[in-house]
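[1] coords please:
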Amino acid sequence: MSVLMCICLCQHDLGDRLMPAFNSGSPVPFSDVNLRDHTAHAPRWGPDSSTSEVTTIQLEFIDLSRQTGDPKYEVCLTLLLLLLLFLFLFLFVTLPSVL
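    Reported below is the predicted structural model:
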């Protein structure tokens, strides 16, 4: 097996282990993922994920889809991207009127 093939298999394996983060019941993924058990949950300190975690995962999963040629990692972000777009537009429209 070539080194590139081994890397591709490892990418798929890691991506599949991270997918349970999107079983959160909302477009926002869980931040804590147990890679061994393929489970995920909200952080122990509270129910929310940070903005930086939520937006960084977009870049990582889009790149993972493109590196592996498997669109499922990018597709799972669709609802998250729509939610972030909605929040941006909401803030863009409402903040100028508040200031």
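[2] any idea how far the residue positioned nearest the centre of the chain lies from Glu74?
    In the chain, the residue lying closest to the centroid (Cα atoms, centre = their mean) is Ile57, at 4.1 Å. Separation of Ile57 from Glu74 (Cβ to Cβ, to the nearest Å): 11 Å. In this view, the C-beta of every residue, glycine as well, is placed from N, C-alpha and C.
[3] ok, the nearest residue to the residue nearest to the centre of the chain once chain neighbours are set aside to Val3 distance?
    In space, and not counting its chain neighbours, Ile57 is closest to Pro29: 6.4 Å by Cβ to Cβ, 6 or more residues apart in numbering. Distance, Pro29 to Val3, by Cβ to Cβ: 31 Å.
[4] Compare those two (neighbour count), which wins?
    Legend: neighbour count by other Cβ atoms under 10 Å for Pro29 and Val3, higher for Pro29 (22 against 7).
[5] The more buried one and Ala42 touch, don't they?
    No - using Cβ atoms under 8 Å, Pro29 is not in contact with Ala42, being 10.1 Å away.
[6] helix, strand or coil for Leu89?
    Classification of Leu89 using DSSP: H, G, I helix; E, B strand; the rest coil returns helix.
[7] any idea how far it is from Leu9?
    When Leu89 is compared with Leu9 (using Cβ to Cβ), they lie 40 Å apart.
[8] Equivalent analysis for Gly25, please.
    Taken as Cβ to Cβ, the span from Gly25 to Leu9 is 31 Å.
[9] do Cys76 as well
    Counting by Cβ to Cβ - Cys76 and Leu9 are separated by 20 Å.
[10] okay, those two: which has more neighbours?
    Taking neighbours as other Cβ under 10 Å, Cys76 and Leu9 compare with Cys76 leading, 20 against 12.
[11] That one contacts Met19, doesn't it?
    Yes - using Cβ under 8 Å, Cys76 makes contact with Met19 at a distance of 6.8 Å.
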